[in-house]
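**Q** Fold the following, please.
(2 chains)
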Protein chains: 2
Amino acid sequence: MLSTMQDVPLTVTRILEHGTRVHGDATVTTWTGEGEPLRRTFREVGERSVRLAHALRDGLGVVGDQRVATLMWNNSDHVEAYLAVPAMGAVLHTLNLRLPAEQLAWIVGHAADRVVIVSGSVLPLLAPLLPRLDSVEHVVVSGPADLSVLEGCRPQVHDYEQLLAGHPGDHFDWPELDERQAAALCYTSGTTGEPKGVLYSHRSIYLHAMEVNAAASFGLTPAEICLPVVPMFHVNAWGLPHAAFMAGTSMLMPDRFLQPAPLADMIVAERPTVSAGVPTIWAGLLAELDARPRDMSSLRTVISGGSACPPALMRGFEERHGVRLVQAWGMTETSPLGSVAYPPVGVTDEEAWPYRVSQGRLPASVEFRLTGPGGEFLPWDGKSAGELEVRGPWIAAAYYGGAGAEPVRPDDKFSPDGWLRTGDVGTMTPDGFLTLTDRAKDVIKSGGEWISSVELENHLMAHPEVAEAAVVAVPDEKWGERPLAAVVLRDGAEVEYEVLRAFLGERVARWQLPERWTRIASVPKTSVGKFDKKVLRRLYAEGSLQVSVLG
Amino acid sequence: MLSTMQDVPLTVTRILEHGTRVHGDATVTTWTGEGEPLRRTFREVGERSVRLAHALRDGLGVVGDQRVATLMWNNSDHVEAYLAVPAMGAVLHTLNLRLPAEQLAWIVGHAADRVVIVSGSVLPLLAPLLPRLDSVEHVVVSGPADLSVLEGCRPQVHDYEQLLAGHPGDHFDWPELDERQAAALCYTSGTTGEPKGVLYSHRSIYLHAMEVNAAASFGLTPAEICLPVVPMFHVNAWGLPHAAFMAGTSMLMPDRFLQPAPLADMIVAERPTVSAGVPTIWAGLLAELDARPRDMSSLRTVISGGSACPPALMRGFEERHGVRLVQAWGMTETSPLGSVAYPPVGVTDEEAWPYRVSQGRLPASVEFRLTGPGGEFLPWDGKSAGELEVRGPWIAAAYYGGAGAEPVRPDDKFSPDGWLRTGDVGTMTPDGFLTLTDRAKDVIKSGGEWISSVELENHLMAHPEVAEAAVVAVPDEKWGERPLAAVVLRDGAEVEYEVLRAFLGERVARWQLPERWTRIASVPKTSVGKFDKKVLRRLYAEGSLQVSVLG
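**A** Next comes the predicted model:
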């Protein structure tokens, strides 16, 4: 028997209309570096979203579920695209402006993007690609730009402001949408293979925004001010713009000013209460604050995700600057909110640390299971390590197959019963805390035992002379694989490998200690700031690293 | 183009499994009066829910979407029914134990309830009805009871504990459910006509629970302890049991101990952080605390809903006992969360009051519109008063038609385009705050103007000598209708009507002041504690009230 409740779809249109009407006085503030920040109310953003939808449909001829790409920093124009494009029934495709040109061109072609909205400062990156971007008919330039780089290009060029000015802002006849319809597209910048597109639905974005706003997650309310440092091209800025517009939470947008000093300045000036970004950002900010302390007291919660947050970084922020970092876990395929590391009730501050440095606890809408090497499901005993698989209404079931093509479901990414295979190896506690130890491919298989590279890295990075450390598996005749420790020392620091190994020896079992050590200038990283271990493994295989072997 | 996200239904099963597994150490504590409270962990509640599902299906033969009724206080057995009955695919029908016997019998017959789970202390209420309850095959008695009252009754009688003990608690093969399937049934105890059943879906309960847990609503987290004083037979205790089980929030259940003194005692002993109930409960608790102050410092937020909360009550709690009452609005047809009255940011404590005494601001999933007398939609200008209509995924589209019958959609309850007509008259501010002034039928139409009975009542109840006041429309030859003020004075208080009218005269326009006054011992109330104005109007029409007419 079906119920007699209203059948109202969960759509981005609802978020747009609600935020505009009920929270019209909330603001999106975009940092501009030197000058006064650009402030727009939700009312203005809503009105401009209506103009943008008219411009795209009536002006540029976008119909149906065509893809409208953005190659933009975090700013209020980008928020308008976040709202208008899905609400009009089209698909918002956020392009990662840190991708290599080749990948960017491949992705635009794969998605058959018809329009690209681009931040003026990024134009020099896009311009040389345009001759190859056959699907692109219109380039819309947001913000100040040197348009000369576009001279003679094939697509039509529009100025964002002029385009909006030519269309009405009072009303758009938003279509009735199926909540399962595609709303946004984001490609994973995996370290292997071609990029894979995750096609979010209105339903997944809406439910995810509700979860972001849960008190037990990020807890956005009209009383908060949210600073999404995580780029809007990186898993929809972890859902924050949609969640904030839904909750009536004012946003502070850093635009291109992601360096530690301007980030510290904008926090002092605008007093955000919640922020979110990758550990690399927080490491840079911590160094800046240690050098030039600033008032960070507005920050209630800073979410760290994207890769494991070194405990030393969390402690440093908390002890020296009074800022609480909260670790969260997710990936492009999980929208991304998978788990948030709030400790359970009733533990002391010190007892809380093992929970806080875990990947966190899952909300009701997300299901986890651990799969062992033989495909068996492992118990949640805090010890059994298996591949994490995930299920839920904002978790991908397949990848976008490209314009007009069927979705693709590679076996190494999706289990036969439809769960997402994360490629992450970890353990679960009986009370639902996830601890990831490694990427499945980064686990060091030494003599029939698994050694966690992440655990070794975290311990190494807790040493005062170590700035960064990466541990990778290298072939070993006797043990199959053994760990190689690659360390980046702090400026001016000097320390013997023996000292570091002794430091590690106080923290992990003897058989896990690396024999092979190398010193590098920096850890190679992917375009989104994750350690790129495949580069390290290659450098080692080529003999390009100067490796010391301890006895 | 459909997205490629997983198609995972939003079901009560998910809430049950998540709470049991991830928040197994959270507790449901049931107050027992004198002795030690009964404490069960979510793990135990989950295991017992599995037993209950087996007992209902394998023991009592409940299949498909048959109705399983509860006639119970707020306690942990009731929570088990909240979880097990919907998860097994059946429909939980919560019976209001304050209804007149006639209505109760009518409702059980209309729903064709097959099983009734009844609190032992309520058995004397159910027993005499049983011969008339043809659909009921099994009565399951929870808690201590005098079973002799059931001797010779037709349905089979079971003890809840014995029934559970005979079935396994380790696993139930929960069916795959469509999220739009019926999960729970609750009849409105309207003051006119037959009771009407609202049939909640798994989807509506799930989404509503997510909204309850939003930081901007009730903000449940594992760190909170929730005390639902609102009965579990009253709109699913405003969604709190499902929301708390979803969030891992421990619950304190008052069982039948709803009197002011035991409520105060259980708050002192168990230190809940969030509570919810109707103003009548809080008025009683305030009087108790004024007489015998107790430590209420654990309470972060107390939600008041069901009828307008007198501002004097809110101020009294806050100023004398440090407890913040937050008004929320909803009805059986709205699950019930419609709006919550947190003031906007940037206002002072005093400026916040007009917002706090409003019905509040709507969340993104709920849409409001005001319809004028001519069917036109009115602006949100804080002045234009119209009938509130509501749309959203947890709002009713129709009433349950009874076993095997089609749903019913009376025109006075649902607009042609599917919105719920609330029967409430009010205004909306530009920033989405709802202020209800009257039930549509309680508005006083005086000489072409509307007079708000609620406004007059609130002002009267702010007078120190007035305990309660109700204002109703009575016929008037010259003006069509005029207000009649019926006041209940505090014990031992004496005050002239002229004094009360002068008090009102400082607060409302002169033409709104009542000429007719009467003193009554108490305001007649419905079974859920709302003012029953139809009784007052009838008493006036019969000439049973002693009315003074002021010049």
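**Q** pLDDT below threshold where in the stretch 251-400 of chain A?
**A** When residues are selected by pLDDT under 70, those of the stretch 251-400 of chain A lie in A:373.
**Q** Could you list the contact residues of it toward chain B?
**A** Within reach of chain B by C-beta under 8 Å from any C-beta of the partner chain, the stretch 251-400 of chain A has these residues: A:342, A:344-345, A:361-365, A:367, A:380, A:391-400. C-beta: built from backbone N, CA, C; applies to glycine.
**Q** List only those of those flagged as buried.
**A** For these, a burial check counting by 16 or more other C-beta atoms under 10 Å in any protein chain shown picks out A:342, A:344, A:361-365, A:367, A:380, A:391-400.
**Q** Excluding chain neighbours, give the residue nearest to residue A:272 in space.
**A** By the measure of C-beta to C-beta, 6 or more residues apart in numbering or on different chains, the closest residue to residue A:272 outside its immediate chain neighbours is residue A:227, 3.8 Å from it.
**Q** before we move on, back to that, now, the residues of the stretch 251-400 of chain A next to chain B that are in strands?
**A** Using DSSP state E, the subset of these located in strands is A:361, A:367, A:391.
**Q** From residue B:242, how far out is the closest residue to residue A:6 other than its chain neighbours?
**A** In space, and not counting its chain neighbours, residue A:6 is closest to residue B:397: 4.3 Å by C-beta to C-beta, 6+ apart. Here residue B:397 is placed at a distance of 20 Å from residue B:242 (C-beta to C-beta, to the nearest Å).
**Q** so what are the domain limits for chain A?
**A** Chain A breaks down by automatic domain parsing into domains covering A:8-202+A:225-248, A:335-440, A:443-549.
**Q** Give me the contacts around whatever helix or strand residue A:421 lives in.
**A** Residue A:421 belongs to strand A:420-428 when assigned by DSSP states H and E. With contacts defined as C-beta atoms under 8 Å, 6 or more residues apart in numbering or on different chains, strand A:420-428 is touched by A:331, A:333-334, A:359, A:368, A:370-371, A:380-391, A:395-397, A:412-415, A:434-441, A:443, A:450, B:6.
**Q** Determine whether any part of the helix or strand just after that strand lies close to chain B.
**A** Downstream of strand A:420-428, the next assigned helix or strand under DSSP H and E is strand A:433-439. No. Shown here: strand A:433-439 not in contact with chain B (C-beta under 8 Å from any C-beta), separated by at least 8.9 Å.
**Q** Strand A:433-439 versus strand A:420-428: what angle between them?
**A** 110 degrees (axes from the mean of the first three to the mean of the last three C-alpha atoms, to 10 degrees).
**Q** what lines up beside strand A:433-439 in the sheet?
**A** Strand A:433-439 pairs in its sheet with strand A:360-361 (antiparallel), strand A:420-428 (antiparallel), by DSSP bridges.
**Q** Tabulate the CA atom coordinates of that strand in CSV.
**A** What follows is strand A:433-439, C-alpha atoms only, in CSV (Å, rounded to 0.1, in the frame of the first residue of the first chain):
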residue,chain,number,x,y,z
PHE,A,433,34.4,4.4,13.2
LEU,A,434,36.4,3.9,10.0
THR,A,435,40.1,3.9,10.0
LEU,A,436,41.7,3.8,6.6
THR,A,437,45.2,2.5,6.5
ASP,A,438,46.0,2.5,2.8
ARG,A,439,44.9,2.5,-0.7
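**Q** So for it, mean pLDDT?
**A** Throughout strand A:433-439, pLDDT has a mean value of 89.
**Q** contacting residues around that strand?
**A** Strand A:433-439 has contacts (C-beta under 8 Å, 6+ apart) with A:308, A:329, A:338-339, A:341, A:355, A:358-362, A:368, A:382, A:385, A:388, A:423-429, A:443, A:450, A:452-455, A:533.
**Q** just to revisit the earlier point, worst average pLDDT in the strands paired with strand A:433-439?
**A** Note on these: lowest mean pLDDT is at strand A:420-428, with a mean of 94.
**Q** Distance from the chain centre to that strand, please.
**A** The chain centre lies 17 Å from the centre of strand A:420-428; the measure is C-alpha atoms, centre = their mean, to the nearest Å.
**Q** Repeat that for stretch A:523-541.
**A** 18 Å.
**Q** again with stretch A:1-11
**A** 32 Å.
**Q** One more: stretch A:270-281?
**A** With C-alpha atoms, centre = their mean, you get 13 Å for stretch A:270-281.
**Q** what's the answer for stretch A:168-187, then?
**A** 23 Å.
**Q** What are the buried residues along it?
**A** For stretch A:168-187, the neighbour count (16+ other C-beta under 10 Å) marks A:169, A:172, A:174, A:177, A:179-187 as buried.
**Q** Throw the strands paired with strand A:433-439 into CSV and include distance to residue A:349, thanks.
**A** Shown next, in CSV, are the strands paired with strand A:433-439 (distance: least, C-beta to C-beta, whole Å):
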stretch, distance to residue A:349
strand A:360-361, 17
strand A:420-428, 23
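**Q** Check those for me and report the most buried one.
**A** Comparing the strands paired with strand A:433-439 by mean neighbour count (mean count of other C-beta atoms under 10 Å in any protein chain shown), strand A:360-361 comes out on top with a mean of 26.
**Q** So which of the strands paired with strand A:433-439 is nearest residue A:503?
**A** strand A:420-428 (24.2 Å; C-beta to C-beta).
**Q** residue boundaries of the helices in the stretch 301-450 of chain A?
**A** A:311-321, A:349-356 (DSSP state H, counting those that start in this stretch).
**Q** and the first one with helix A:349-356, angle?
**A** Read it as helix A:311-321. Interaxial angle, helix A:311-321 versus helix A:349-356 (the same axes, to 10 degrees): 140 degrees.
**Q** now the closest residue to chain B within the stretch 351-500 of chain A, nearest residue through space, not along the chain?
**A** Nearest residue of the stretch 351-500 of chain A to chain B: residue A:432, at 3.4 Å (C-beta to the nearest C-beta). Leaving aside its chain neighbours, residue A:432 sits nearest to residue B:22 (3.4 Å; criterion: C-beta to C-beta, 6+ apart).
**Q** Kindly report the same for residue A:318.
**A** Counting by C-beta to C-beta, 6+ apart, the residue nearest residue A:318 is residue A:324, at 5.9 Å.
**Q** Got phi/psi on the one you found?
**A** Note on residue A:324: its backbone torsions stand at phi -90, psi 120 [degrees, to the nearest 10].
**Q** Which pLDDT does the model give the single nearest residue of the stretch 451-551 of chain A relative to chain B?
**A** Ranked by C-beta to the nearest C-beta, the top residue of the stretch 451-551 of chain A for proximity to chain B is residue A:528, at 21.1 Å. Per-residue pLDDT puts residue A:528 at 71.
**Q** now swap in the one 10 residues further on and tell me
**A** The score at residue A:538 is 92. That number is its pLDDT.
**Q** Show me what the helix or strand harbouring it is packed against.
**A** Taking DSSP H and E as the definition, residue A:538 sits inside helix A:533-542. On a contact count with 3 or more C-beta pairs under 8 Å, 6 or more residues apart in numbering or on different chains; DSSP states H and E, helix A:533-542 meets strand A:466-476, strand A:480-489.
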